[in-house]
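J.: sequence? don't have it. structure:
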């Protein structure tokens, strides 16, 4: 059985510095890395590293950075399908500065225009899929796949980083919504974001707060989960790792609370290394 991940891919340039650069200044990095990024891509790599079979639907397009991402996906054994215009679409590229141990980062990115090509996947794309993971982007792909997956009884997991114009249409077909503390439901009143999220369709909702407790609600259950206490070197991509690990544990038959606990452990471990792959390689 396969976890199908749908969403963004990027190329990241990362710099570990002793301090964030000052305006009109110059800072020398003590460590540099580069490679594939993006929430759905990082989630797919995570689930694969943990032992799940995965597939990735994303937009890569043309250019040297896209070729580098293709090579990295091959190295991590992540099959993918590229739905971008193969001649004109360019991959988003981000420059990321982290100060090890500080737990924060500064990101400068550029978002070239990308569009999903006309060769959209049909319902057969879900054959053999056990979990569908959507990172909240690419609604042209995610919404119809989520609708079909729910009709088939395939669990749909959403990474809710922030509310987007199409989120309401997508979340209506989601079973497990894991959102960040920045996620805000338009028109929702009161402090309980979990109830507001579940009212939109998901049966399970959880909210992550970095190193803080993870609050969650399900049918007749709920509570808080304390992530492991670690000395964080770099938090970049920890949320993506969390979602990929959650899908892995869900696919292995774990209940939501157990899957959240397992995902918290993996995400915390990833923060002990620079970049998004160090925890895998060591």
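T.: Looks like it came in fine. These numbers come from a predicted model, not from an experiment. Numbers count the residues shown, from 1 in each chain.
J.: quick one: residue 69 and residue 41 touch, right?
T.: Yes - Residue 69 lies in contact with residue 41 (Cβ atoms under 8 Å); the separation is 7.5 Å. The C-beta positions use only the backbone N, C-alpha and C, and glycine is treated the same way.
J.: run through the stretch 151-282 of the chain and note the low-pLDDT ranges.
T.: Scanning the stretch 151-282 of the chain for pLDDT under 70 picks out 189-191.
J.: which parts of it are helices?
T.: Shown for the stretch 151-282 of the chain, the helices assigned by DSSP state H, counting those that start in this stretch span residues 167-171, 193-198, 238-251, 256-270, 278-281.
J.: what packs against the longest one?
T.: It stands for helix 256-270. strand 204-208, strand 214-218, strand 221-225, helix 238-251, helix 278-281 (3 or more Cβ pairs under 8 Å, 6 or more residues apart in numbering; DSSP states H and E).
J.: and that helix, what's buried?
T.: Neighbour counts over helix 256-270 (16 or more other Cβ atoms under 10 Å) mark 256-257, 259-270 as buried.
J.: quick one: that helix to chain centroid distance?
T.: Centroid separation for helix 256-270 versus its chain: 14 Å, with Cα atoms, centre = their mean, to the nearest Å.
J.: what residues does that helix touch?
T.: Contacts with helix 256-270, where a contact means Cβ atoms under 8 Å, 6 or more residues apart in numbering, come from 46, 50, 176, 178, 204, 206, 214, 216, 218, 221, 223, 225, 227-228, 230, 237-239, 241-243, 245-246, 248-250, 254, 276, 278-279.
J.: please pick the buried ones from these.
T.: 46, 50, 176, 178, 204, 206, 214, 216, 218, 225, 227, 237-239, 241-243, 245-246, 248-250, 254, 276, 278-279.
J.: overlap of the contact sets of residue 69 and residue 41?
T.: With Cβ under 8 Å, 6+ apart, residue 69 and residue 41 have common neighbours residue 9.
J.: no more questions from me, cheers.
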